[in-house]
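**Student:** coordinates only, sequence not included:
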């Protein structure tokens with residue numbers, strides 16, 4: 001994922017620490033924030049290739065944040081992949097996540113292989129689509 005940057009949005013400091021260890025170990029570039037409000041601010045420069053977003057956060061939950069991002073008036077916000085991170089049962093959250101504009105859902109505790117696979121497939125797919133649009 002060279003030259004690609006991940007925005008990690010999670011209010012739990014332990015989750016952020018564990019995610020940073022995994023991302024560091026695999027040489028990903030990332031920015032960590034602890035709320036949807038901080039995520040909106042970070043996204044203003046449009047420098048991220050993918051968002052990892054916790055579903056359950058105190059100020060604005062991940063579902064609401066994804067809906068907000070998708071409603072912003074720029075192709076970047078319509079197309080940036082959003083991967084949900086959740087401790088909820090998959091059958092309870094999968095449909096809600098997709099309806100809110102999220103591309104994938106990963107359950108917590110996070111399986112490292114699943115996370116790495118989701119990052120690789122989502123970013124590679126979106127990058128390929130973006131290149132075809134630009135050409």
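**Tutor:** Arrived safely. This one's a predicted model, so the numbers in the text were calculated from it and none came from an experiment. Numbering: from 1, shown residues only.

**Student:** shaky segments in the protein?
**Tutor:** Applying pLDDT under 70 to the chain flags residues 1-3, 90, 123-135.

**Student:** can you show me the strands along it?
**Tutor:** With DSSP state E as the criterion, the chain has strands at 5-9, 29-33, 50-54, 82-86, 104-107.

**Student:** mean neighbour count and distance to residue 71 added to those strands, as TSV?
**Tutor:** C-beta coordinates here come from the backbone N, C-alpha and C atoms, glycine included. As requested, the strands of the chain are exported to TSV (neighbours: other CB atoms under 10 Å; distance: least, CB to CB, whole Å):
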stretch	mean neighbour count	distance to residue 71
strand 5-9	22	17
strand 29-33	17	20
strand 50-54	25	15
strand 82-86	24	13
strand 104-107	19	20
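
**Student:** is it correct that residue 4 is in contact with residue 23?
**Tutor:** No. Counting by CB atoms under 8 Å, residue 4 stays clear of residue 23, with 11.5 Å between them.

**Student:** out of these two, which sits in the busier spot?
**Tutor:** Comparing residue 4 with residue 23 by other CB atoms under 10 Å, the one with more neighbours is residue 23, at 20 against 17.

**Student:** OK, contacts around that one?
**Tutor:** Going by CB atoms under 8 Å, 6 or more residues apart in numbering, residue 23 touches 6, 8, 30.

**Student:** from residue 80, how far off is it?
**Tutor:** In this view, residue 23 and residue 80 are 17 Å apart by CB to CB, to the nearest Å.

**Student:** can you add distance to residue 67 and give the strands of the chain back as TSV?
**Tutor:** Putting those into TSV (distance: least, CB to CB, whole Å) gives the following:
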stretch	distance to residue 67
strand 5-9	14
strand 29-33	18
strand 50-54	12
strand 82-86	10
strand 104-107	15
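
**Student:** among these, which is nearest residue 17?
**Tutor:** Of all those, strand 29-33 sits nearest to residue 17, with 9.1 Å by CB to CB.
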